[in-house]
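**Student:** Got a predicted structure plus its sequence, pasted below:
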Amino acid sequence: MRFSVFLNARSMAPEQDRALIHNLTNHAERAAALGFDALFLPDHHFNGYMPIASDSYMFASYLAAKFPHMHFGFSVTSVPLHHPVRFVERINILDQLTDGKLLVGVGSGTTPEEMIGFGVDYRDAGAISEKNLALAEQLWAKTMNDPAVEIDNGPHQGRVLQRIAPAPYSEGHARLMPVAMKESSARRAAENAWPAFIPAFTPPKIGGTEPMTHVAKFFGIYRTMLEEAGHSADKIARALDWTTHTYQLVHVADSDEQARDEMMAILRAYQDAIEREAAFNARAESTDANKKTDRTPNALTEDWIGTWCLYGSPETVVEHLKPYEELGIGNILCGTTTGPLTDERLRLGDQTLRLLSEKVMPAFRKA
């Protein structure tokens, strides 16, 4: 089973942004040296959540030059916020720069504040996302002599006469990674032999204390579709190799008690940041076009912890993850910098990287 690092830190003020960028680069360097397989980045705007995620593709290209042996992923790109031409161009450039070691998570977005910043109504985000992905496939397939690709999708307009440059490195294009929650998303991943993100909850409730129940359900649906799609055994194996279960927060310490205490300190700072953003989210949701229909639990509740957190001593973490390995999950995505990135938070994140590398990952490496 693979282990990857999710760079998901927060900045609480403009003067903290530069230090965050340098500290995350150093954290990524440690992950690369300690044997992690990939670095994943989110796609967020305006709110201080991972400020460099306002252009994760640019940050990924910088990191890719420093760590050419690693894979790079996005968890996930909010497709409605990206003009389809720029979406395809940037993926192709990174696909070339990483020699195909690219995994592009795709979703319709979760934050009305981000939607209105890009001229997208939240209620239309799903439809715009679906059409943008269809347009992207047209753009990837277009040759010089094909008819123009017409783009008419909400705020995204245009007409492409020639082709997208550069061409992709990977056959067809870089692998996308849908979230296998909707039937249509699981089928898109399966029919293209792409990996998928496997969620640990079933909407409308975003949370719960039985994550494995949901993971097993969604993984089973995706795997059945994958096997029924008629792919070769090699293609199925490569898709499952990167099929990913995500923890927003992974924290490992020498004992379970220490890990719980340190995790709760991290979560209190994280929840404070979330509550600071609540007023802006409320302003964004002041119209019917941008009203959310689901709510994420408070991060200090056992429902949130049960869904999004993995914590404990190395022995406890190994015991927790063994059923996921047995199920067939290929990649564990670990949020190791969750919350405001203070010096103490960075120390705890580095502690987790070290203990995962020295005492957890060896239990999942193939002999």
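**Tutor:** Sure, I can see it.
**Student:** pLDDT on stretch 124-139, on average?
**Tutor:** Stretch 124-139 shows a mean pLDDT of 97.
**Student:** Show me the contact partners of that stretch.
**Tutor:** Applying C-beta atoms under 8 Å, 6 or more residues apart in numbering, the external contacts of stretch 124-139 come out as 78-80, 82, 84-85, 87-88, 106-109, 115, 120, 149, 151, 153-154, 156, 160, 164, 176, 184, 188, 289. Where C-beta positions appear, they are placed from N, C-alpha and C, glycine not excepted.
**Student:** Of all the residues in that stretch, which ones are buried?
**Tutor:** By 16 or more other C-beta atoms under 10 Å, the buried positions in stretch 124-139 come out as 124, 125, 126, 128, 129, 130, 131, 132, 133, 135, 136, 139.
**Student:** Same list (those residues) but as a markdown table, adding secondary structure.
**Tutor:** Converted to a markdown table, the buried residues of stretch 124-139 look like this (DSSP: H, G, I helix; E, B strand; the rest coil):
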| residue | secondary structure |
| --- | --- |
| 124 | helix |
| 125 | helix |
| 126 | helix |
| 128 | helix |
| 129 | helix |
| 130 | helix |
| 131 | helix |
| 132 | helix |
| 133 | helix |
| 135 | helix |
| 136 | helix |
| 139 | helix |
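**Student:** Give me the subset of the contacts of stretch 124-139 lying in strands.
**Tutor:** Among the contacts of stretch 124-139, DSSP state E puts 78, 106, 107, 149, 151, 153, 156, 160, 176 in strands.
**Student:** List only those of the contacts of stretch 124-139 flagged as buried.
**Tutor:** Neighbour counting by 16+ other C-beta under 10 Å classes 78-80, 82, 84-85, 87-88, 106-109, 115, 120, 149, 151, 153-154, 156, 160, 164, 176, 188 among the contacts of stretch 124-139 as buried.
**Student:** As a quick check, tell me the outermost residue of this protein.
**Tutor:** The centre of the chain is farthest from one residue, residue 145, which by C-alpha atoms, centre = their mean lies 36.0 Å away.
**Student:** Just say helix, strand or coil for it.
**Tutor:** Strictly by three-state DSSP, residue 145 counts as coil.
**Student:** what's near enough to touch it?
**Tutor:** Residue 145 neighbours (C-beta under 8 Å, 6+ apart): none.
**Student:** Residue 192 now?
**Tutor:** With contact taken as C-beta under 8 Å, 6+ apart, residue 192 is in contact with residue 176.
**Student:** Now with 10 Å, please.
**Tutor:** By C-beta atoms under 10 Å, 6 or more residues apart in numbering, residue 192 lies in contact with 137, 172, 173, 175, 176, 178, 226, 229, 231, 235, 239.
**Student:** Quick check: the gap between the fifth one and residue 107.
**Tutor:** Computed as C-beta to C-beta, to the nearest Å, the residue 176 to residue 107 distance reads 11 Å.
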